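Student: requesting a structural model of the entry that follows:
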Amino acid sequence: MKIGVIVAVYNGERFLLEQLESIANQSRKPDAIWIRDDGSTDQSKPLVQQFITDHPELCIHFIQGQNVGFKENFRLLLSEAYNKMDWIFLSDQDDRWDSDRILKMEKQIQKVDNMSAIASSFRFMNQKSEIYSIPLKQGWSN
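Tutor: Predicted structure coming up:
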């Protein structure tokens, strides 16, 4: 099974490297990663370029684009990875993945025939990278 990751970036220098490292440190490595910068004006581009240099073992495609907004950024990334991978994981620049995320999801995918989508849960994290929780609400997606 070929698994790709797409990462949409826009002025993400504050959290970007932490997220990219969490993808690189997966127990099940992605087969390819596509990163598209949406015309950032901060240091996102050099951070991505350094990450690529630091991780020659990963197949990383970096696209420097003009600002088109987050929805179009993801659409463009999906069009790059589509038909090249069996599964595509979406990532924002400020996510941080548990080290076994891809492995756990791959195992679930293999259990069900003809699965076309899979979603995972998440934990909230503040700007200091501290995990916190909010009260659960009945009938809401908690």
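Student: helices along the chain, start to end?
Tutor: All helices of the chain, identified by DSSP state H, fall at 16-24, 44-54, 70-81, 101-111.
Student: how about the residue nearest to Met115 when sequence neighbours are not counted, what does it touch?
Tutor: For Met115, ignoring the flanking residues on the chain, the nearest one in space by CB to CB, 6 or more residues apart in numbering is Ile109 at 5.7 Å. To be clear about C-beta, it is placed using only N, CA and C from the backbone, and glycine gets the same treatment. Counting by CB atoms under 8 Å, 6 or more residues apart in numbering, Ile109 touches Met1, Trp87, Met115, Ile118.
Student: spatially central, which residue of this protein would that be?
Tutor: Ser91 (2.4 Å; CA atoms, centre = their mean).
Student: tally of neighbours for the nearest residue to that residue once chain neighbours are set aside?
Tutor: Of all residues not flanking Ser91 in the chain, Val7 sits nearest, at 4.6 Å (CB to CB, 6+ apart). Number of residues near Val7 (other CB atoms under 10 Å) recorded here: 26.
Student: one more: the one 4 residues further on?
Tutor: Counted with other CB under 10 Å, the neighbours of Asn11 add up to 16.
Student: ok, it - contacts?
Tutor: Counting by CB under 8 Å, 6+ apart, Asn11 has contacts Ser40, Thr41, Asp42, Ser44.
Student: weed out the non-buried ones from the residues you listed.
Tutor: Ser40, Ser44 (16 or more other CB atoms under 10 Å).
Student: could I get the contacts of Asn11 as a markdown table with pLDDT and distance to Ile33?
Tutor: What follows is the contacts of Asn11, written out as a markdown table (pLDDT from 0 to 100; distance: CB to CB, whole Å):
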| residue | pLDDT | distance to Ile33 |
| --- | --- | --- |
| Ser40 | 97 | 17 |
| Thr41 | 97 | 23 |
| Asp42 | 97 | 20 |
| Ser44 | 97 | 15 |
